[in-house]
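Chemist: pasting the sequence and the predicted coordinates here, then a few questions.
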Amino acid sequence: DKDERQILVHDNKRAIRPLPEVFNPLKERGLTAETLKFFKVTAVQDPESPVAVVYPRFDREGRHVANKLRLKGNKKEFSWEGDAGSTVPFGRNFFQPGGRAITLVEGQDDAMAAFQMTGSKYPVWSADNAQQALKQVKEDYEYLNSFEKIVINFDNDTGRPDGKNPGREAAIAVANIFPIGKVCILQLNDRSE
């Protein structure tokens, strides 16, 4: 019932939605159903639901312990259900340590897009945001450092009134904690230019 869903969205102490069995594309982001299936993400089809997308989140042992919910309307409005405090960064549980390269981004949709753009072959890892990136990378340093190359592609936040670019600043801070030559910072052009 609709009231139950409303309560579930705003009460992170309640049970979490189970992992989905059916996967739909996230058309507005160009993400295929196969990509969403790989990450177990649900693009909600129920027009009555206040939730647009359900991103399952896992703990270090790979247990599904929480869901991050993107609410309909404002694409930047999120809520949680379950134990959000015990989760690891999005993408972390889908890739074994080691290997040729890993791409670090901000946000679940960017992680899925980076994975899809690289032929659905290369690991991705997502910081919750630029402000949390350095802390989260330090907490997962051993895992990230196990890859031969680390590509950082944080948001290009140009055009802010304060003149700052938190994504670029975070990328530089993160790059500086790894050995020289291990990290590449990929900065995409602003589409509005």
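Modeler: Structure received.
Chemist: can you report phi and psi for the most centrally placed residue in the chain?
Modeler: Closest residue to the average C-alpha location of the chain: residue 108 at 2.4 Å, with C-alpha atoms, centre = their mean. Per-residue torsions, residue 108: phi -60, psi -40 (degrees, to the nearest 10).
Chemist: now do stretch 77-87: distance to the chain's middle.
Modeler: 13 Å (C-alpha atoms, centre = their mean, to the nearest Å).
Chemist: can I have that stretch written out in CSV, keeping just the CAs?
Modeler: In CSV, the C-alpha atoms belonging to stretch 77-87 read as follows (Å, rounded to 0.1, in the frame of the first residue of the first chain):
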residue,chain,number,x,y,z
GLU,A,77,17.1,13.6,-3.3
PHE,A,78,18.0,10.3,-1.6
SER,A,79,16.9,8.3,1.4
TRP,A,80,18.0,5.1,3.0
GLU,A,81,16.5,1.9,4.4
GLY,A,82,18.4,-0.6,6.4
ASP,A,83,21.8,-0.2,8.0
ALA,A,84,23.5,2.5,5.9
GLY,A,85,26.4,2.8,8.4
SER,A,86,27.8,-0.6,7.6
THR,A,87,27.9,-0.3,3.8
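Chemist: residue ranges with poor pLDDT in the protein?
Modeler: The chain contains residues with pLDDT under 70 at 1-14, 74-75, 158-159, 163, 189-193.
Chemist: do a quick rundown of the strands in it.
Modeler: Under the criterion DSSP state E, the chain contains strands at 42-43, 51-58, 64-71, 78-82, 101-106, 124-127, 149-152, 183-185.
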